[in-house]
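Trainee: for reference, the sequence and a predicted model appear below.
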Amino acid sequence: MARLVIIDDESHITEIIARFFREKGHEVTGFTRAEEALAHLAAAQTDLVITDIAMQGLSGLELLQKMKDAGLDVPVIVTTGNPSHNSAVQALRSGAFDYVVKPFHLEEISERADKALFTKRVKDENTLYSKLVSLHSISRVTAEAASMDELSTKVIKLGTRLTGSDGGWYWVASPSSDTAISAAKVLYPDADGISQHGFLVKVARSTAEKVDVEVTDAGPGDGASDSGGPGAWYLSLPVEVGSALHGVLIFRRAKPAPGYDAVDLEVFNQLAATFALGIRALGLFPKPAAPDLSEGGKTLESWARLIGQMVDEHCAGYEAKGERVEALGRILMKEMNWPTETAESWSLICRIYDIAKVRVPQKMLENRQVLAEDELEFVHAQAAWAYERISSIPGLETTARVLEDFQESFDGAGRPRGIRGRAIAPLARLLAVADAYVSMRSGRPYRGALTEAEAIEVVRQGSGKRFDPEIVLALSKARGI
């Protein structure tokens, strides 16, 4: 079965030709105006167009030119009522596959259509073959990649080149999350802005939930880009490693380019399968050597202090916040008689736990209104980004775990994994209380500082919900309130 578009401004002719090809088992859409047909061609996959040349409005010749300008590679058979007119020759020169002179027998036009469809099928097969041959190079690409970031970037570059896309991303689940779809995700490479990030996450979630390939037609107002534009086509497909969903590959083709076709889909399926093998192989790589953080006298401690300074400078009202959180945390640990070894990573954690905020626009940090859902999603995704980056540094796995669990709630209503109680890392539970208290005791662009009693009362209200009751009690005792 093929997908045909029939265009003739005489509706009875359109209907006769359409009915004839439907009886042969084809899917046919008829139009009496070429302008409407052009919009359809841009939105739906089509295997053959049969159009009259002389029509009201957009002519057949003008349609050919507009299809060419839009990159629509679909064979076109033109019909003409004037065999002596040079319009048929002009149509062939403009890229038409063939022409038929009116009045014509339906079997004659059927024979031309079969020839055009066969030629297209051979062309598509040759194109697919050449692209699949090119895909063999990805085996070398995946073998050379030493990190998820590097692997996904190389796969995206290859996919965009083979399919004429102009952008691509990989949406990856938190590796320790069993409820990956509801968790914040990391995009490789990063989205250009909040609007685009939210749109891509929405597309990825839909694909992940269906575990199937999707093509999304994004218009100018769909939030696909912070800069607007004519819209784009997005093709997204799940990447499964073993029996588990690892993430979603997303590719974009800006309009007025045509949507993705069956050839593109086959290439992407092969790409995703090879990508999955690369991800699995990546687990066999030895861990890279720990980074040398002592260069120029910059020890791990001074590196963490630098991160803290960057956060302070970026976030109004955060001056020395990490140091204040660290000091309070040590008081609370002493109050609860926690073992000394529990606090070994505390200083480092307090310097870097807010690192994700350097990726959040200052305008959003200073917002006097409650953040919108897409803005909150963006902020949460930056926390996932921080976890991904810190966990990739050998020796900082424990620190990364605290950063990930910091978003969790004691009652299990947090993210990314929805774990509860003592399943949350102890230092993450401590950090949640200390950070909340210190933050409330500090002024912000959108509010003044709370008194000590007010801040502790707010923390008490969150006891057993957001906060560990034992740590909340320790705070009250330490402050004598």
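Mentor: Alright, I've got the coordinates.

Trainee: could you pull up phi and psi at the nearest residue to Ala232 once chain neighbours are set aside?
Mentor: Leaving aside its chain neighbours, Ala232 sits nearest to Ala254 (4.6 Å; criterion: CB to CB, 6 or more residues apart in numbering). Every C-beta, even on glycine, is put in place using the N, C-alpha and C of the backbone. Dihedral angles of Ala254 (phi, psi; degrees, to the nearest 10) stand at phi -70, psi 140.

Trainee: count the neighbours of Ala254 for me.
Mentor: Residues lying near Ala254 (other CB atoms under 10 Å) number 16.

Trainee: use 643 as the first number for this chain going forward.
Mentor: That works, and once the first residue is 643, the last one we named lands at Ala896.

Trainee: what sits against it?
Mentor: Asp808, Gly871, Pro872, Gly873, Ala874 (CB atoms under 8 Å, 6 or more residues apart in numbering).

Trainee: distance of the last one from Val742?
Mentor: Spelled out, that is Ala874. 36 Å (CB to CB, to the nearest Å).

Trainee: give me the more crowded residue out of the two.
Mentor: Neighbour comparison, Ala874 and Val742: the larger count goes to Ala874, with 24 against 18 (by other CB under 10 Å).

Trainee: sorry, back to before: list buried residues within the contacts of Ala896.
Mentor: Taking 16 or more other CB atoms under 10 Å as the criterion, what is buried in those is Gly873, Ala874.

Trainee: which residues sit against stretch 977-989?
Mentor: Against stretch 977-989 from outside (CB under 8 Å, 6+ apart): 943, 946, 968, 971-972, 975, 1040-1041, 1044, 1068-1069, 1112-1113, 1116, 1119-1120.

Trainee: confidence-wise, which helix or strand of the chain is lowest on average?
Mentor: When the helices and strands of the chain are scored by mean pLDDT, DSSP states H and E, helix 779-786 comes last with a mean of 60.

Trainee: downstream of that one, the next helix or strand is which one?
Mentor: The first helix or strand that comes after helix 779-786 along the chain, using DSSP states H and E, is helix 790-805.

Trainee: list the buried residues for that following helix?
Mentor: Within helix 790-805, the residues scored as buried using 16+ other CB under 10 Å are 790-791, 793-798, 800-802, 804-805.

Trainee: stretch 1104-1114 too?
Mentor: Gly1104, Ser1105, Arg1108, Phe1109, Asp1110, Glu1112, Ile1113, Val1114.

Trainee: ok, now how distant is the residue lying closest to Lys762 once chain neighbours are set aside from Arg966?
Mentor: The spatially closest residue to Lys762, leaving aside those adjacent along the chain, is Pro717, at 5.3 Å (CB to CB, 6+ apart). Note on Pro717: its distance to Arg966, by CB to CB, is 70 Å.

Trainee: Leu1072 now?
Mentor: 14 Å.

Trainee: can you check Thr802 too?
Mentor: On the measure of CB to CB, Thr802 and Arg966 end up 46 Å apart.

Trainee: ranges for the strands of this protein?
Mentor: Secondary structure of the chain (DSSP state E): strands located at 645-649, 669-673, 690-694, 718-722, 740-743, 809-814, 828-830, 856-860, 874-883, 886-896.

Trainee: these two touch, right, Glu1046 and Gly1056?
Mentor: No: Glu1046 lies out of contact with Gly1056 (CB atoms under 8 Å); the separation is 10.6 Å.

Trainee: out of these two, which sits in the more crowded spot?
Mentor: Ranked by neighbour count (other CB under 10 Å), Glu1046 and Gly1056 place Glu1046 first, with 28 against 20.

Trainee: quick one: which of the buried residues of stretch 1104-1114 is nearest Cys957?
Mentor: Nearest to Cys957 out of the buried residues of stretch 1104-1114 is Arg1108 (CB to CB; 20.9 Å).

Trainee: leaving out sequence neighbours, find the closest residue to that closest one.
Mentor: Among residues not flanking Arg1108 along the chain, Ser1051 sits closest, at 4.9 Å (CB to CB, 6+ apart).

Trainee: ok, now Asp689?
Mentor: Once flanking residues are discounted, Asp689 sits nearest to Ala644: 4.2 Å by CB to CB, 6+ apart.

Trainee: any idea how far the one you found lies from Phe760?
Mentor: Per CB to CB, Ala644 is found 10 Å from Phe760.
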